[in-house]
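# structure for this input, please:
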Amino acid sequence: MAAMSTNVTMVGSGEKVVVLAHGYGGNQAVWDGLVPHLSKNYRILLFDWDFSGNGSDVDPSSYSFTAYADDLITLMDERNLNDAVYIGHSMAGMIGCIASIKRRDLFAHLVLIAASPRYLNSEDYVGGFEKEDVDGILSSIETNFQDWALKFVPVAIGVNNSVFIKMLGRSFCTMRPDVALAVARTIFLGDHRDVLDEVDVPCTIIQTTDDFAVPVSVGQYMQSKIREASLEIIEAGGHFPQLTTRDLVIEILDGVLPPINAAYYN
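The predicted structure is shown next:
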């Protein structure tokens, strides 16, 4: 199977590694506001999932969070990386959870930003979307993906910031429409709630108070299911707090990342 990650690079210095994994529609540029700060003391692994740009040779019908998790494991093994802090946005948060279950040695800590194990509501769970809402999203993507993306991005950003909207809009619109649809189906129709009980890596969940895609109840649910999890709620809107509330995210990360001192490594 072809690799599901591309444009892999490492920046920064230090003995400890931070892995930055973007979500649907994005690319590694969504981390540009964090990298200068993090790279002062840590080595940063950056990459793009294969749905970015024009996609890869992967058959879109084969997309699954488990396949992405397997690729993440391969990516880290090829570079002899372990005991890393993994920061995953949106779908990448759940991918990190799955990878951590498969290989406990890879991660010392998971940071899940705007992540969700299930987007559909059910009788005992509030995911944020009714089935007809998701059907409408998938139909719009299939009918005219670029039109949908350009309308979706400002809602996802959640603030009136033309720089972020333009950057993310450009990233979304480079996706191949058939790939965008396949990944959207994997995200919006998936249910990974059973994964949470198996995660035994310490987790920090970061959410905004007004994320149209992931209500606060989802973060609370995840915190209740993961063995060792804390929930950090940022008083702001939008699905991309690493863009719109960068300083607050950095403050949270500074409390999560391993200390930089010799005693830590001895």
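# and the helix or strand harbouring V8, how far out from the chain middle?
For V8, the host element (DSSP states H and E) is strand 5-12. Chain-centre distance of strand 5-12: 16 Å, with CA atoms, centre = their mean, to the nearest Å.
# what's the following helix or strand after it?
Using DSSP H and E, the helix or strand that directly follows strand 5-12 along the chain is strand 17-21.
# so that following strand versus strand 5-12, what angle?
With axes from the mean of the first three to the mean of the last three CA atoms, to 10 degrees as the basis, strand 17-21 and strand 5-12 are set at 140 degrees to each other.
# listing partners with orientation, what would you give for strand 17-21?
strand 43-49 (parallel), strand 84-89 (parallel) (DSSP bridges).
# what mean pLDDT does the strand holding V8 have?
Here strand 5-12 scores 92 as its mean pLDDT.
# partner strands of it and their direction?
strand 43-49 (antiparallel).
# buried stuff in the next helix or strand after the partner strand?
Per DSSP H and E, the first helix or strand lying C-terminal to strand 43-49 is helix 65-78. Residues of helix 65-78 classed as buried: F65, A67, Y68, A69, D70, D71, L72, I73, L75, M76 (neighbour count, 16 or more other CB atoms under 10 Å). (Each C-beta comes from the backbone N, C-alpha and C, glycine too.)
# wait, a strand at I205?
Yes - assessed by DSSP: H, G, I helix; E, B strand; the rest coil, I205 belongs to a strand.
# quick one: contacts for it?
L112, A115, G219, M222, Q223, I226, A229, S230, L231, E232 (CB atoms under 8 Å, 6 or more residues apart in numbering).
# which residue ranges form the helices in the stretch 101-250 of the chain?
Remark: helices assigned in the stretch 101-250 of the chain by DSSP state H, counting those that start in this stretch are 131-143, 145-157, 162-173, 177-188, 193-196, 216-225, 241-244, 246-256.
# mean neighbour count and mean pLDDT added to those helices, as JSON lines?
Formatted as JSON lines, the helices of the stretch 101-250 of the chain follow (neighbours: other CB atoms under 10 Å; pLDDT from 0 to 100):
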{"stretch": "helix 131-143", "mean neighbour count": "15", "mean pLDDT": "97"}
{"stretch": "helix 145-157", "mean neighbour count": "18", "mean pLDDT": "96"}
{"stretch": "helix 162-173", "mean neighbour count": "17", "mean pLDDT": "95"}
{"stretch": "helix 177-188", "mean neighbour count": "20", "mean pLDDT": "94"}
{"stretch": "helix 193-196", "mean neighbour count": "16", "mean pLDDT": "98"}
{"stretch": "helix 216-225", "mean neighbour count": "18", "mean pLDDT": "98"}
{"stretch": "helix 241-244", "mean neighbour count": "23", "mean pLDDT": "97"}
{"stretch": "helix 246-256", "mean neighbour count": "15", "mean pLDDT": "96"}
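# out of these, nearest to A99?
helix 193-196 (10.5 Å; CB to CB).
# C-alpha coordinates for that closest one, PDB please?
Extracted in PDB, the C-alpha atoms of helix 193-196 (Å, rounded to 0.1, in the frame of the first residue of the first chain):
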ATOM      1  CA  ARG A 193     -15.900   5.600  20.700                       C
ATOM      2  CA  ASP A 194     -14.700   2.100  21.600                       C
ATOM      3  CA  VAL A 195     -11.100   3.100  21.000                       C
ATOM      4  CA  LEU A 196     -11.200   5.600  24.000                       C
END
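# leaving out chain neighbours, which residue sits closest to L81?
V17 (5.2 Å; CB to CB, 6 or more residues apart in numbering).
# what does the model give the one you found for pLDDT?
97.
# my guess is it meets Y86, correct?
No - V17 is beyond contact range of Y86, at 9.3 Å (criterion: CB atoms under 8 Å).
# stretch 152-163: how far from the chain's middle?
On CA atoms, centre = their mean, the centre of stretch 152-163 falls 18 Å from the chain's centre.
# please save the CA atoms from it in CSV.
Output in CSV follows, covering the C-alpha atoms of stretch 152-163 (Å, rounded to 0.1, in the frame of the first residue of the first chain):
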residue,chain,number,x,y,z
PHE,A,152,-17.3,25.7,4.9
VAL,A,153,-13.9,27.2,5.7
PRO,A,154,-15.1,30.5,7.2
VAL,A,155,-17.4,28.6,9.4
ALA,A,156,-14.6,26.3,10.5
ILE,A,157,-12.2,29.1,11.2
GLY,A,158,-15.0,30.8,13.3
VAL,A,159,-13.5,34.3,13.3
ASN,A,160,-13.3,36.9,10.7
ASN,A,161,-9.7,36.6,9.8
SER,A,162,-9.0,36.8,6.0
VAL,A,163,-5.4,35.5,6.3
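# no more questions from me, cheers.
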